[in-house]
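# Build me a model:
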Amino acid sequence: MKLLNVELVLKREEDIQHAEAEYNVIKELGDETTKYAILSHRWESDSEVTYDEMIGLMKMEERKRGEVRISSSYQKIIKTCEQAMKDGYEWVWIDTCCIDKRSSAELSEAINSMYRWYQHARVCYAYLSDVGESTLPAEQNGETYDKSYGWPEWFMRGWTLQELIAPNQIEFFNQNWAPIGNKQQLAPVLEEITRIPCDVLRDGLTGKRLSVAQIMSWAADRRTTRVEDRAYSLMGLFGVNMPMLYGEGKKAFRRLQLEIIREFDDQSVFAWGVWGPLQTRTRAGSFLADDPSDFRGRGDIQKVEPDKFGDKLAEYMKLCGLGSPWFIQLNSRKISTNPIHHCRVAWLKWRARALTQQLRTFTVTNAGIQVCLPVIPLPDSPSHFRAILACTRYGGLADIDIVYSGSGIYCIPNRSVSRLKAYPKFRTLHLAHNQDINEKHRKFTLDDQHALYHGFTRCGTHPHEFTGDTVALSFLVVVYAKENTRYYFAVGLGYYLGQGWVHIVCGEHRPTQDMDWAKFGKKAYDRMWHARAEHARDMSNQERAHLTRNTHFVKHAHFPRSIWPARVVWGRWELGNLRVMVDVVQCPGCCDGPCGMTTTVNDWGGLGMPGLMNTIDQTYSLELDGWKTQVDRCSGPQLSLGDYGDCVEGTLMCTGNIFRDMQLIGIDPEDSAYQPVVSRVSGDRWAKYRVANQTNIATAYHGASDTTSVLHRAKGISLPNNEHFVLLLKAFSTRLAGKHVVTTLIQCSGIYSVDRVGNRIDSGDDVVPYSGMHAAEPGILTPFCVIASPQVWRREPPCVRRREQFENIRKHFYALVDIVRCWGFHLSIVPIQYPQNQPTGHGPCRKLAVRRTMW
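Numbering: from 1, shown residues only. Next comes the predicted model:
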């Protein structure tokens, strides 16, 4: 280690004008053989004196040298040297100027050795730059120390934790370098500030049986400038070493926990949580914590040795009532009378003793952290279990909830269960230690243009903001509201343990209150957060029940006292179809109820279409602008782009055209936003080899007959895929409900067919069309088309089950009415007056009034 020569530093300062420029004030010595003092302090941003400035002070120009000498950081060095000389020490180490940070190797060595250097120092000077008194504060003072939780900032810095524990002797000084006291004298006050036990402050960590969670809890409220230093500053406390990789972020703390697991057989490393009891763990995924703050409040967790784990497990079973313990009451004691239960408990205790070596052994592999734990199945799901850890809190064993996923075993937030009935079973588990990349970086494409048609705009998101249509997240709530109404709704997009999910809730505010969408968004976020495991499980069950690639899922929620619900439609996320469509529609009645999930079918991938579409069965394949596209033969009456009508057995019975109807609602069809898109047609990559060495042709392959249609000078025209046309289809959604539309036409100047070896099948001139083929213009044929059903034109069918329930309710109601009339009551219908801003489409509402009539 590089140490400052106290005498030379002070002599140079006394006679600064005559000091030799080449005199070296820093020398490299061994920490075990040298008597030296060491400084612990709080860095003052970037103004600290560096190694280069300390050794090159005399080579600086006079103005620069003067600025360095009058700085508080340089004066701190001088005061440290003066105190060391007074105490009889020749050498002193100060982290700001004794490490050449230009050398990454030297910096890494210093960080890995720092705990040892503080431990071997004869005395440590702790300089508290924000303490003006000669005593430490006895209680938190938010006014004086408003930036550090009410305590001097030295106690809130990450690096000073090991600097407090490692040295045997620490002398505290205030901002004027007046002595405050030493660590042994101030131990009770220091325990109050840091939550570190007095015996650890007086004697250090040697010989103490401290759990990993307990040590981590001491660093929960401490801060560092660099995220990585949250981990690096704790290495010495656990006696582990690892390379420094600044830029890795929170991965550093994960690497630290893996190093600890390799060194210690302490399962309390898994016993982290955010606030309150252990059961409030809120993050799912990796079994490793993200940050030391996850161990806040875990200072009372104690490690249980493997030879005592069996007895503690029996106590846990008794406390939780596991198994079938029959009891009789004898005075104040409960005595179990079930012999089978006694045998099972005895067997588990024997099993725990037999597995002592396995309980001591952790193995870190790419499959996870291999560990042996007793687990109990949870009653609500066959893939959810509760694992019991070999550590105690409040005297009882700690436990965590786990879930078996397709890619491994992950931890999940602990849930309250009425009663666990099964006995624990020891299992060898591979616990996930890498946070799933997709868990944090799943991308959603949000299509909310249809909600905008009804005036609902995106007012904000929770817990963080995003702009645009695509966002990477694990959970986000988007809030929509409409001006001059009292309604709003929130759409939750989540990705939980490898499973994407969507949920929707609606709300309203009183007419006399201002709309507070932020409060509604926070409430919706909390509600969905606690239910995200249930949403993901429901989504997984739906996907297993509907294995079709193009299956889409629909959820909707009604606005209060309205027939208008907000609706979301999304695809199969495990296949990469992450588009979510948000809409506001009119309910057909007898729906699946609040947030009921139904399915529909839409295409995804390939050539872009204006919104979600479900194309009818196609039999030919070709490429439009390089995208493989399925098309069908034109049949029936002549078709034009934008024709709509009912589709019967693949034939469109045209009843109108979108472009002609645009004029009826005041839109100019010649507007550039509504012009058809022209695409280049090329052949199927396999079929085009059948007609090699020919120019200006494209091919359409028919798989059923293994034939190829050859098209001369072909082009495709399609409906434009932009916001304007999407909203146009939405405008027609009420009038054209249930209709189909022609989205693409393939035009060419001639067509014929060839077989699998390239021999021509058709006879006659190339320009003679097939039977039923359309010739829209002279010399222009339209042999193929794409007919689709827009999602916004579809109406969900009424739920038969709910309709039957309502009919039964009505029958019972009218039966009740007949009974009431028999007893001489008169029934009348009284209208209910609702506010003027009720959403359009709300039907008439009445209430029933009953009064007694005379016989």
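# what number of residues lie near the closest residue to E483 other than its chain neighbours?
Distances taken as Cβ to Cβ, 6 or more residues apart in numbering put G455 closest to E483, at 6.9 Å, once the chain neighbours are dropped. For the C-beta atoms, the positions are set from N, CA and C on the backbone; glycine is no exception. Neighbours of G455 under the rule other Cβ atoms under 10 Å: 13.
# separation between G455 and D516?
Using Cβ to Cβ, to the nearest Å, one gets 19 Å for the distance from G455 to D516.
# Same question for R386.
In this view, R386 and D516 are 39 Å apart by Cβ to Cβ.
# Please identify which of the two sits among more neighbours.
R386 (21 against 12).
# Quickly find the element holding the more buried one.
Using DSSP states H and E, R386 maps to strand 384-393.
# Would you give the sheet partners of that strand, along with the direction of each?
Applying DSSP bridges to the sheet, strand 384-393 is found paired with strand 302-303 (antiparallel), strand 368-377 (antiparallel), strand 396-405 (antiparallel).
# which ones are touching the residue nearest to E483?
K482, E483, T485 (Cβ atoms under 8 Å, 6 or more residues apart in numbering).
# With A536 instead?
A536 neighbours (Cβ under 8 Å, 6+ apart): G494, Y496, L497, Q499, G500, W501.
# Let me know the pLDDT of the residue nearest to E483.
G455 is assigned 86 on the pLDDT scale.
# G150 contacts A138, correct?
No: the pair G150 / A138 is not scored as a contact, 11.5 Å apart, by Cβ atoms under 8 Å.
# Of the two, which one has the most company?
Remark: of G150 and A138, G150 carries more neighbours, 16 against 10, as counted by other Cβ under 10 Å.
# And for the more buried one, nearest residue in space, chain neighbours not counted?
Leaving aside its chain neighbours, G150 sits nearest to Q140 (3.0 Å; criterion: Cβ to Cβ, 6+ apart).
# The one you found - that's part of a strand, no?
No: counting by DSSP: H, G, I helix; E, B strand; the rest coil, Q140 is not part of a strand but coil.
# Number of residues surrounding it?
13.
# Could I get the contacting residues of it?
Going by Cβ under 8 Å, 6+ apart, Q140 touches Y149, G150, W151.
# ok, the residues you listed vs Q791, which is closest?
Y149 (52.9 Å; Cβ to Cβ).
# Surely the closest one is in contact with R223?
No: contact between Y149 and R223 fails when scored by Cβ under 8 Å: they sit 9.8 Å apart.
# May I have the secondary structure class of the spatially closest residue to A673 that is not a sequence neighbour?
Computed as Cβ to Cβ, 6+ apart, the closest residue to A673 that is not its neighbour in sequence is H724, at 4.1 Å. State at H724, reduced to three classes by three-state DSSP: helix.
# The one 5 residues further on now?
At L729 the chain is in helix, as set by three-state DSSP.
# any shared contact partners between Y149 and R223?
With Cβ under 8 Å, 6+ apart, Y149 and R223 have common neighbours M156.
# how about the CA coordinates for stretch 653-673, as PDB?
Presented in PDB, the C-alpha positions along stretch 653-673 are these (Å, rounded to 0.1, in the frame of the first residue of the first chain):
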ATOM      1  CA  MET A 653     -71.400 -10.300 -51.500                       C
ATOM      2  CA  CYS A 654     -70.600  -6.600 -52.000                       C
ATOM      3  CA  THR A 655     -73.000  -4.000 -50.600                       C
ATOM      4  CA  GLY A 656     -70.800  -0.900 -50.800                       C
ATOM      5  CA  ASN A 657     -67.400   0.600 -51.000                       C
ATOM      6  CA  ILE A 658     -65.400   2.600 -48.400                       C
ATOM      7  CA  PHE A 659     -64.000   5.100 -50.800                       C
ATOM      8  CA  ARG A 660     -67.500   6.000 -52.100                       C
ATOM      9  CA  ASP A 661     -68.900   6.200 -48.600                       C
ATOM     10  CA  MET A 662     -66.100   8.600 -47.600                       C
ATOM     11  CA  GLN A 663     -67.800  11.400 -49.500                       C
ATOM     12  CA  LEU A 664     -71.000  10.900 -47.500                       C
ATOM     13  CA  ILE A 665     -69.200  11.800 -44.300                       C
ATOM     14  CA  GLY A 666     -67.300  14.700 -45.800                       C
ATOM     15  CA  ILE A 667     -63.900  13.200 -46.500                       C
ATOM     16  CA  ASP A 668     -62.200  13.700 -49.800                       C
ATOM     17  CA  PRO A 669     -61.100  10.300 -51.200                       C
ATOM     18  CA  GLU A 670     -58.400  12.000 -53.200                       C
ATOM     19  CA  ASP A 671     -56.700  13.100 -50.000                       C
ATOM     20  CA  SER A 672     -53.100  11.600 -50.000                       C
ATOM     21  CA  ALA A 673     -53.700  10.000 -46.500                       C
END
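# quick check: mean pLDDT across it?
On average, stretch 653-673 scores 89.
# What are the buried residues along it?
C654, G656, N657, I658, F659, D661, M662, I667 (16 or more other Cβ atoms under 10 Å).
# Can I get these in a markdown table including secondary structure and distance to L476?
As requested, the buried residues of stretch 653-673 are exported to a markdown table (DSSP: H, G, I helix; E, B strand; the rest coil; distance: Cβ to Cβ, whole Å):
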| residue | secondary structure | distance to L476 |
| --- | --- | --- |
| C654 | strand | 43 |
| G656 | strand | 40 |
| N657 | strand | 40 |
| I658 | helix | 35 |
| F659 | helix | 38 |
| D661 | helix | 38 |
| M662 | helix | 36 |
| I667 | coil | 35 |
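# Does K522 belong to a helix, a strand or coil?
Assignment for K522 (three-state DSSP): helix.
# contacting residues around it?
When contacts are counted by Cβ under 8 Å, 6+ apart, K522 touches H462.
# hmm, who's touching the strand or helix carrying Y644?
Y644 is part of strand 643-648 when elements are defined by DSSP H and E. Here strand 643-648 makes contact (Cβ under 8 Å, 6+ apart) with 616, 652-658, 736, 738-742, 787, 789.
# Check the residues you listed against V477 and report the nearest one.
Out of the contacts of strand 643-648, the member with the shortest distance to V477 (by Cβ to Cβ) is S789, at 30.7 Å.
# and that closest one, what element?
Here S789, judged by DSSP H and E, is contained in strand 780-790.
# again, but for T599
Going by DSSP H and E, T599 is in strand 597-601.
# so how far is the helix or strand just after that strand off the chain centroid?
Moving toward the C-terminus from strand 597-601, the next helix or strand (DSSP H and E) is strand 613-615. Counting by Cα atoms, centre = their mean, to the nearest Å, strand 613-615 is centred 32 Å from the centre of its parent chain.
# now stretch 212-225
That offset, for stretch 212-225, works out to 24 Å (Cα atoms, centre = their mean).
# same question, stretch 55-67
Taking the mean of its C-alpha atoms, stretch 55-67 sits 52 Å from the chain's own mean (Cα atoms, centre = their mean).
# So for that stretch, first residue to last residue, what's the gap.
Terminal residues of stretch 55-67 are spaced 16 Å apart (Cα to Cα, to the nearest Å).
# could you give the mean pLDDT of that stretch?
For stretch 55-67, the mean per-residue pLDDT is 86.
# and that stretch, which residues are buried?
Of all the residues in stretch 55-67, those buried under the rule 16+ other Cβ under 10 Å are I55, L57, R65.
# Which member of those is positioned nearest V582?
I55 (64.1 Å).
# With adjacent residues omitted, what lies nearest to that closest one?
I26 (5.8 Å).
# hang on, isn't that neighbour packed against L57?
No: between I26 and L57 there is no contact under Cβ under 8 Å: 11.3 Å.
# In the protein, what helix or strand scores lowest on average pLDDT?
Across the helices and strands of the chain, mean confidence by mean pLDDT, DSSP states H and E is lowest for strand 846-852: a mean of 43.
# what about the nearest residue to I761 once chain neighbours are set aside, how many neighbours?
Distance criterion Cβ to Cβ, 6+ apart; nearest residue to I761, sequence neighbours excluded, is S753 at 4.4 Å. As a burial measure, S753 scores 17 neighbours (other Cβ under 10 Å).
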